[in-house]
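1. I'd like to go over a predicted model; first the sequence, then the structure.
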Amino acid sequence: MNPHNFFTLNNIAVSEILNGVPHGIAVVDTDLRLVEMNHSLESHVGCTTTAACGVFVDSILRSSLGHNNQVFHDVLESGVTVSFEGDIINKHHKKIPIQFTASPLKDHNQNTVGIHVLLEDISYLQSVDQKQCSKGCSAEIIGHSPKMQEIFDLMPVLAQTDASILITGETGTGKDMLAEEIHKRSKRSRYPFIKINCGALPESLLESELFGHVRGAFTGAVKDKPGMFRLAQDGTIFLTEIGDLPLPLQVKLLSVLDDKEFFPVGGSHKVKVDVRVIAATHRSLRELVSQGKFREDLFYRLNVLRLYLPSLKERDGDIRLLLDYFFRKINENLNKKIKGFSPKTIEILTSYTYPGNVRELRNIVEYGLNICQGRQITPENLPKYMFTPIPAMKKKAAREEKNFELPRKAHLPVADTPKQGGWTAIEKELILDALKSTRGNRSEAAKLLGWGRTTLWRKIIRHGLA
């Protein structure tokens, strides 16, 4: 079969699929002549597929690969996917850093008939590295999803005020890093940033930890202790897990917020402080208020400014961005010669639900890099718990049903009749049920599933439902 004829079968459908991918894609034949480009790559190189078809790929992709394209020859000979970093010169004669992923294309007889080349623009990741290094702030707060962009837009505004902030979001989303970043951008950045977990200590010790004590206040108090509020003078105190703060201490905290002063434990003289308070919780404070476990007046006093840090399932497209970022950062520290993730590993990592959010994602990447002995991280290098999906999927289904009102029938494969094939089969059935429920409306189906539209489209292609 002529490779060119193979690529042009069902040309309209193939073009539609390629144009739905937000990264550049090139398809070349075994002679390394260009067969197809998507719109994203056309906009980079300033040339249409019609004009470039049949031209040697190195004449179209002016890249650091050189004119011999040895990497592409290796892919054709070995039949193994290769991922590597390089750059291309775009139509404006600007050098753009690119993550290349070259994969062999095979016909129905498993003969290699060409190469599929994915080009991901990593200039954003590199600019993040440079900016974070120059500012000395937390590089882990990255993302290009709409919800993260909203937070980035708000951060400079929140940093310029002294009002209390309440940060909410699931465990592992990075609430502590966000609080520290706001502090670093504020006028208080020259002064301490003090963090304390309100659920980590019993009430008696927590009061002393927060507000200090005087000598003789209790057995063992052999000298005065300043407490965290005094240590944070002129700076910021970050109270994480504020929902676990005991009710008596809630009264004392409210007094500090209102009057800027407090009594140390066992003390008879008030201490004045000038401290900004940022609180965080993964629990619903409104629900705790209704249960009588959290003071309503304190809730409103803390909730002057509020930030919701989205979970990974709400951050459309950020999983791959974070995977690449943590891989680069951790791999650099380990000084290992690992080139990246295998395609199957990428599929698993971008489909996983991450109940531990960004913290869990980072730990998975670090685990894989430490375990891997080859040139690519493979599924065998991932934590074993990722491959026991049924309990996790039940939990996920319950969350989706509560938060997004997904039709009940869409959960039956997860909750009642687990299928062979693990999460892949379950996810495919969920997508089919959502599409049936919305009569094929992909935007509505994405909302039902709690995904972005591009995430749904990517998964439709992955499961062969396009």
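-> It's in.

2. pLDDT score assigned to Phe271?
-> Residue 271: Val, not Phe. What the model reports for Val271 is a pLDDT of 91.

3. Counting neighbours, what do you get for it?
-> Using other C-beta atoms under 10 Å, Val271 has 18 neighbouring residues. The C-beta positions use only the backbone N, C-alpha and C, and glycine is treated the same way.

4. for the one 3 residues further on, same thing?
-> For Asp274, the number of neighbouring residues by other C-beta under 10 Å comes to 12.

5. Unless I misread the structure, it falls within a helix.
-> No: with DSSP: H, G, I helix; E, B strand; the rest coil as the criterion, Asp274 is coil rather than part of a helix.

6. separation between the nearest residue to it once chain neighbours are set aside and Thr454?
-> Leaving aside its sequence neighbours, Asp274 sits nearest to Asp234 (C-beta to C-beta, 6 or more residues apart in numbering; 5.7 Å). Asp234 sits 45 Å away from Thr454, going by C-beta to C-beta, to the nearest Å.

7. repeat for Ser342
-> Distance from Ser342 to Thr454, by C-beta to C-beta: 23 Å.

8. Could you tell me the model confidence score at Ile278?
-> 96.

9. Enumerate every residue touching it.
-> Neighbour list for Ile278: 164-165, 167, 179, 182-183, 236-239 [criterion: C-beta atoms under 8 Å, 6 or more residues apart in numbering].

10. ok, Ser342 and Thr454, which is more surrounded?
-> More crowded of Ser342 and Thr454, by other C-beta under 10 Å: Ser342, with 20 against 14.

11. Could you give the backbone dihedrals for the more buried one?
-> Backbone torsions for Ser342, taken as degrees, to the nearest 10, come to phi -70, psi 160.

12. That one is in contact with Thr101, isn't it?
-> No: between Ser342 and Thr101 no contact is recorded; they are 10.3 Å apart, counting by C-beta atoms under 8 Å.

13. Pull the number of nearby residues for Asp297.
-> Residues near Asp297, counting by other C-beta under 10 Å: 13.

14. Without its sequence neighbours, what residue ends up closest to it?
-> Nearest one to Asp297, counting by C-beta to C-beta, 6+ apart, is Leu254 at 6.2 Å.

15. ok now the helix or strand containing the one you found, how far from the chain's centre?
-> Using DSSP states H and E, the element containing Leu254 is helix 247-259. Here helix 247-259 is found 35 Å from its chain centre; the criterion is C-alpha atoms, centre = their mean, to the nearest Å.

16. returning to what we had before: quick check: the residue nearest to Asp274 vs Pro192, distance?
-> 8 Å.

17. okay, those two: which has more neighbours?
-> Neighbour comparison, Asp234 and Pro192: the larger count goes to Pro192, with 16 against 13 (by other C-beta under 10 Å).

18. Check the spacing between the more buried one and Met228 real quick.
-> 9 Å.

19. Show only the entries of the contacts of Ile278 found in strands.
-> Judged by DSSP state E, strands contain the following of the contacts of Ile278: 165, 167, 236-239.

20. pLDDT, distance to Val289 and neighbour count added to the contacts of Ile278, as TSV?
-> Below are those laid out as TSV (pLDDT from 0 to 100; distance: C-beta to C-beta, whole Å; neighbours: other C-beta atoms under 10 Å):
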residue	pLDDT	distance to Val289	neighbour count
Ser164	94	16	17
Ile165	95	18	24
Ile167	96	18	26
Ala179	95	22	23
Ile182	94	25	27
His183	94	27	23
Thr236	96	25	24
Ile237	96	22	24
Phe238	96	22	26
Leu239	95	17	24
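
21. Tell me the one of the residues you listed nearest Asp224?
-> Nearest to Asp224, judged by C-beta to C-beta, of the contacts of Ile278 is Ile237 at 19.3 Å.

22. so the closest one bridges to which residues?
-> Per DSSP bridges, the residues bridged to Ile237 are Ile194, Val277.

23. Looks like it contacts Asp274 (just checking).
-> No: the criterion here is C-beta under 8 Å, and Ile237 misses it with Asp274 at 11.1 Å.

24. Low-confidence regions, the stretch 1-150 of the chain specifically.
-> Within the stretch 1-150 of the chain, the stretches with pLDDT under 70 are 1-14, 64-69, 124-140.

25. dump the residue contacts of Val75.
-> Here Val75 is in contact with 81-82, 102-104, 115 (criterion: C-beta under 8 Å, 6+ apart).

26. How much space separates it from Phe84?
-> For Val75, the distance to Phe84 (C-beta to C-beta) stands at 11 Å.

27. picking up where we left off before, ranking the contacts of Val75 by neighbours, who comes first?
-> Within those, most neighbours by other C-beta under 10 Å means Ile115, with 25 neighbours.

28. Scan the protein for its longest strand.
-> The chain, longest strand under DSSP E: strand 95-106.

29. Tell me the buried residues in it?
-> 96-105 (16 or more other C-beta atoms under 10 Å).

30. next helix or strand past it?
-> strand 112-121.

31. In the sheet, which strands lie alongside that next one, parallel or antiparallel?
-> Strand 112-121 has these strand partners (DSSP bridges): strand 24-29 (antiparallel), strand 95-106 (antiparallel).

32. Which residues outside stretch 212-220 are in contact with it?
-> 204, 208, 221-227, 229-230, 264-267, 271.
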